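Chemist: compute the structure for the input listed below.
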Amino acid sequence: MMASGNAKIIGTGSYVPEIVVESAELEKKYGLRPNQIVEMTGVKSRHFANADQSSSDLALEAAKQAIAAAKIDPKEIDLIIFGSSIGDQAIPTTASRLQKKLGLKNTAAFDVNYTCLSFLLAMDIAKNYISIGKYKNILIAAAELTSKVINWREGESRFLLGDGAGSVVVSRADEGDKSAINSAYFKTDSTHDHLIHIEGYGNRNHPNKAGLEPETNMFYMNGSPVLKQAMRGMDDLIAGTMKYADFAKNEIDYLIPHQASIFGISGGARKVGIDMAKALMTLAECGNTAAASMPLTLDRFVRNGTIKRGDKLIFLGTAAGLSWGGLTIVY
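Modeler: Numbers count the residues shown, from 1 in each chain. You can find the predicted model right below:
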């Protein structure tokens, strides 16, 4: 077993499909006034996958970028973690399908599903594995094809969701390196699990079960109560996340929120006392890409030079469950 130590991100990547869906087009299609979707969600456009693309296809493109940025041989990766609400298929894991597409073998590969918080959970797992010396280089990829579960007949989510992928390579930091993944905090209040759900796809409502309506396999969200409950949990979320952070809240350089909606992001930032100028966003051009939204946003702002080594970041988000999650890193 190798020596233990801090874990750090050494490479990032992201990918969005080529099909662009403009909010202006949807406003015309659904008889809405100009800019109504932007005002309601903060989304100007988003990207949809082709009919033949799967989650692992999107993850592959983001993963290749992250591996290239990490400047390591792909064969040096010893664990692949895939995070998503819905993967390619029931079995095998999407992580194993991603491994095959990367041309790798003999690495461990597994999936995590904490819906929109899947990336943060994967990061916390990777950090703990590396800190005890179990693995050296861990590839995390999060991808969502929300376009395949949108219910176009109801809800604001049809104007919000988009497809995309984000990826990072996490490795052991050198001695004296200030870059580190440090604190993480997660909490679930299942009394509100009815507010966001897809009732199908599992063995409770199997796709072949007689009498199921098509909506059973579509995404459902009751937006107003979700936002209300999410805001109620923000004080606890920031306290839990910062409890073991290596820096104080007033030292945070940037907030990377789950790109849930403009009201969710602005309300959350205000509730936890973080200036919106520090909130990094891809919501307007990518929509809500669920589990992919935070790694996708991280990569965009690493690549444009906004995020630099030594910057102190906090990731915050909510998810179905109803769940809350946060993570701090020194990039």
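Chemist: pull the distance from stretch 216-223 to the chain's centre.
Modeler: Relative to the mean C-alpha coordinate of its chain, stretch 216-223 is positioned 18 Å out (CA atoms, centre = their mean, to the nearest Å).
Chemist: what's the span of that stretch, first residue to last?
Modeler: Terminal residues of stretch 216-223 lie 18 Å apart, using CA to CA, to the nearest Å.
Chemist: can you pull the buried residues of that stretch?
Modeler: For stretch 216-223, burial by neighbour count (16 or more other CB atoms under 10 Å) applies to Thr216, Asn217, Met218, Phe219, Tyr220, Met221, Gly223. (Each C-beta comes from the backbone N, C-alpha and C, glycine too.)
Chemist: for those, give me JSON lines that also has distance to Ile132 and secondary structure.
Modeler: JSON lines is the format used below for those (distance: CB to CB, whole Å; DSSP: H, G, I helix; E, B strand; the rest coil):
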{"residue": "Thr216", "distance to Ile132": "42", "secondary structure": "helix"}
{"residue": "Asn217", "distance to Ile132": "40", "secondary structure": "helix"}
{"residue": "Met218", "distance to Ile132": "41", "secondary structure": "coil"}
{"residue": "Phe219", "distance to Ile132": "37", "secondary structure": "coil"}
{"residue": "Tyr220", "distance to Ile132": "40", "secondary structure": "strand"}
{"residue": "Met221", "distance to Ile132": "38", "secondary structure": "strand"}
{"residue": "Gly223", "distance to Ile132": "41", "secondary structure": "helix"}
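Chemist: any chance of the residues you listed in a markdown table, with pLDDT and distance to Ala126 too?
Modeler: Below are the buried residues of stretch 216-223 laid out as a markdown table (pLDDT from 0 to 100; distance: CB to CB, whole Å):
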| residue | pLDDT | distance to Ala126 |
| --- | --- | --- |
| Thr216 | 88 | 34 |
| Asn217 | 86 | 31 |
| Met218 | 85 | 32 |
| Phe219 | 87 | 28 |
| Tyr220 | 88 | 31 |
| Met221 | 88 | 29 |
| Gly223 | 82 | 32 |
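Chemist: tabulate those (TSV), appending distance to Asp124.
Modeler: Below are the buried residues of stretch 216-223 laid out as TSV (distance: CB to CB, whole Å):
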residue	distance to Asp124
Thr216	32
Asn217	30
Met218	30
Phe219	26
Tyr220	28
Met221	25
Gly223	28
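Chemist: of all those residues, which comes closest to Gly325?
Modeler: Met221 (17.5 Å; CB to CB).
Chemist: and that closest one, what is it in contact with?
Modeler: Gly155, Glu156, Ser157, Leu195, Ile196 (CB atoms under 8 Å, 6 or more residues apart in numbering).
Chemist: show me which of those residues are buried.
Modeler: Members of the contacts of Met221 classed as buried by 16+ other CB under 10 Å are Gly155, Ser157, Leu195, Ile196.
Chemist: hang on, Ser167 packs against Gln65?
Modeler: Yes. Ser167 lies in contact with Gln65 (CB atoms under 8 Å); the separation is 6.8 Å.
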